[in-house]
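A.B. asks: pasting the sequence and the predicted coordinates here, then a few questions.
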2 protein chains.
Amino acid sequence: MKCTRCKKEAVMKLKRHNSSFCPECFDIFFSRQVEQAIKKNRMFSREETVLLGVSGGKDSMSLWFYLQKAGYKVQAVHFDLGMGEYSLRSREIVESFSEKHQLPFEIIEVKSLIKYSIPEITQKVRNRPPCSVCGMIKRHLLNRYAWDNHFSVYATGHNLDDEAATLLGNILHWQDSYLAHQSPVLPSPHPKMVRKVKPFYTLTEEEIHWYAKLHDIPFIEERCPLSKRAKSFQYKEALDFLEEKSPGTKHMFLLGFLERRDRYFASSQETVKLSECSRCGMPTTLEVCSFCRLMERLNFQRERRKKSNAGYGS
Amino acid sequence: MKCTRCKKEAVMKLKRHNSSFCPECFDIFFSRQVEQAIKKNRMFSREETVLLGVSGGKDSMSLWFYLQKAGYKVQAVHFDLGMGEYSLRSREIVESFSEKHQLPFEIIEVKSLIKYSIPEITQKVRNRPPCSVCGMIKRHLLNRYAWDNHFSVYATGHNLDDEAATLLGNILHWQDSYLAHQSPVLPSPHPKMVRKVKPFYTLTEEEIHWYAKLHDIPFIEERCPLSKRAKSFQYKEALDFLEEKSPGTKHMFLLGFLERRDRYFASSQETVKLSECSRCGMPTTLEVCSFCRLMERLNFQRERRKKSNAGYGS
């Protein structure tokens, strides 16, 4: 197998691009994809400092590596979710990588910040899937961190597979307002809501996996133990099956959607009025934001339990 | 397992409706689905005679049985595609069913009509998948038959699985004009283009299979031998996988789309001007319709072969 660009020995085959690459040319391909994504969508400039949430997974670790190598200003933050061995291992990976490359980052322990670890919360909230609760908390905390620390933009490692799976779920259930909003750049609709960007949205999981291996980027290989029954994995599995039969399916699906989104789905864009949460002051459509409502519910349960235990004792 | 309606012993479970049915109540459920589909979409009245293409498969055989039992006027036509054992067996099924229930029908041998059988054609047309060529020919012949014999409407046995798979293919590749048109009723856009309807579009393959078994309706179980690599089967397989995990997915996907089609996709509806084919006189957007172009190509190849054989002999 020869490299499509330079004719040296190729080490990887990209069916969807009908190309094979040697390590050097794969690196060029990879950079071009990310640079085009950043430029075309005006994600950020080399002057801005981008806040990056690093979980320890291949996507955020590769994005961290890429952005600093390409000369962007990045500040990483890692949320320790308090998920036992899984969180310990994730944290170690982030720490050792930061040390090796001398990249600063901050660790935020979710439990120290909000009194509960993620498993403690998801165990109590039985009416919502764990990934949905955890995602809401992480989005809230990351946005709050970005706002408190004066960042104008934060980036996540979402890739083509993630975005295509989300799109498939939204289309199968015709989630109109989600369809109107799905984008690699979510602009800031309120001064306290920081711009969110996804520089890897045109790269597949497999390609990012190769990139991480090629650059010796450490990452946690296991899936999050709470995500085992996540719907997004089912959509990914269905899309993987179709991609295997017709390489390029995911790419066409997501990029074709993004071209058409405003024409087709803008009519579903509700004119949402964002006000500030009466508890935390962050933007919300309600009087109290979903994060604060969750916290109040958990605190209320805790108080009730305390009282009831005191009652038994008396 | 008890019947959700009458509490007698149930024989089948419909996960997507969270119901179980005994044979009698399943029959009521089935009829209601078809009657609602016919009425809501104004497919046809009991006064019109509906032309029905019967292939010998479970869908068209069940539709034939249902429509005559429910008191509709139906005229069936079977196209013998000339596909060896598979066509012989399909034809026998249609013939014996017609005899048993004393239902008139007509057989049209594709080869007698257009000089070539379907396998002879698909072997020669290498640049298009067999199902696409065969589908185009059947649509042309069925419409021509309907027009020549003064039918105002013809029905096919397409079910929820077929329609959801077509929709998934059209969405994954963003086939805009197909999305604008996909419907259980295709109105007549030209006097010579007969209205097409799909009364089974809300019923799954499994439900129609049960209906056929329940009423002892004979049908050919094998897939068409030319359709082995058809893309529609891949889309069905992906949707089956998702339906298994979340019953009701296909239903929500298709019915949600139909509710939104005009709002979202009508803008992609090209204002197509239909004229009459200069060869056969049937409606087309081109000077010569795709059916006649195919026939001319096949006839041209045949003439060339004849001449070249004559040349070798001389």
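C.D. replies: Sure, I can see it.

A.B. asks: now residue A:253, nearest residue through space, not along the chain?
C.D. replies: residue B:172 (4.8 Å; Cβ to Cβ, 6 or more residues apart in numbering or on different chains). Any C-beta I mention is one placed from the backbone N, CA and C, and that applies to glycine too.

A.B. asks: what about the one you found, how many residues close to it?
C.D. replies: 24 (other Cβ atoms under 10 Å in any protein chain shown).

A.B. asks: and what of residue A:308?
C.D. replies: 10.

A.B. asks: the one helix or strand it maps to packs against which elements?
C.D. replies: Following DSSP states H and E, one finds residue A:308 within helix A:290-313. Helices and strands touching helix A:290-313, by 3 or more Cβ pairs under 8 Å, 6 or more residues apart in numbering or on different chains; DSSP states H and E, are helix A:118-124, helix A:130-148.

A.B. asks: of those, which is nearest chain B?
C.D. replies: Taking Cβ to the nearest Cβ, helix A:130-148 is the member of the helices and strands packed on helix A:290-313 nearest to chain B, at 14.9 Å.

A.B. asks: circling back to that earlier point, give me the angle between the helix holding residue A:308 and helix A:130-148.
C.D. replies: Helix A:290-313 runs at 110 degrees relative to helix A:130-148, counting by axes from the mean of the first three to the mean of the last three Cα atoms, to 10 degrees.

A.B. asks: about what we covered before: quick one, what contacts the residue nearest to residue A:253?
C.D. replies: A:242, A:249, A:252-253, B:235 (Cβ atoms under 8 Å, 6 or more residues apart in numbering or on different chains).

A.B. asks: residue B:198 versus that one, what's the distance?
C.D. replies: 21 Å (Cβ to Cβ, to the nearest Å).

A.B. asks: wait, doesn't residue A:62 sit right on residue A:155?
C.D. replies: No: counting by Cβ atoms under 8 Å, residue A:62 does not reach residue A:155; the two are 11.9 Å apart.

A.B. asks: quick check, pLDDT for residue A:33.
C.D. replies: Looking at residue A:33, its pLDDT is 97.

A.B. asks: element containing it?
C.D. replies: When elements are assigned from DSSP H and E, residue A:33 belongs to helix A:23-40.

A.B. asks: wait, what's in contact with residue A:257?
C.D. replies: A:167, A:182, B:174.

A.B. asks: out of the residues you listed, which end up buried?
C.D. replies: Restricting these to buried positions leaves A:167, A:182, B:174, with burial counted as 16 or more other Cβ atoms under 10 Å in any protein chain shown.

A.B. asks: could you list which of these belong to helices?
C.D. replies: Counting by DSSP state H, those place residue A:167 in helices.

A.B. asks: list the buried residues for the strand ranked longest in chain A?
C.D. replies: Taking DSSP state E as the criterion, chain A has its longest strand at strand A:73-80. Of the residues in strand A:73-80, those with enough neighbours to count as buried (16+ other Cβ under 10 Å) are A:74-80.

A.B. asks: do the same with stretch A:63-74
C.D. replies: So for stretch A:63-74, counting by 16+ other Cβ under 10 Å, buried means A:63-68, A:72, A:74.

A.B. asks: in TSV, list those along with distance to residue B:116, secondary structure and pLDDT.
C.D. replies: Shown next, in TSV, are these (distance: Cβ to Cβ, whole Å; DSSP: H, G, I helix; E, B strand; the rest coil; pLDDT from 0 to 100):
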residue	distance to residue B:116	secondary structure	pLDDT
A:63	57	helix	98
A:64	62	helix	98
A:65	60	helix	98
A:66	57	helix	98
A:67	61	helix	97
A:68	65	helix	96
A:72	63	coil	97
A:74	65	strand	96
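
A.B. asks: for those, which one is nearest residue A:128?
C.D. replies: Of all the buried residues of stretch A:63-74, the one with the least separation from residue A:128 (Cβ to Cβ) is residue A:63, at 27.9 Å.

A.B. asks: and the closest residue to residue A:9 other than its chain neighbours, how many neighbours?
C.D. replies: Distances taken as Cβ to Cβ, 6+ apart put residue A:22 closest to residue A:9, at 6.2 Å, once the chain neighbours are dropped. Residues near residue A:22, counting by other Cβ under 10 Å, number 20.
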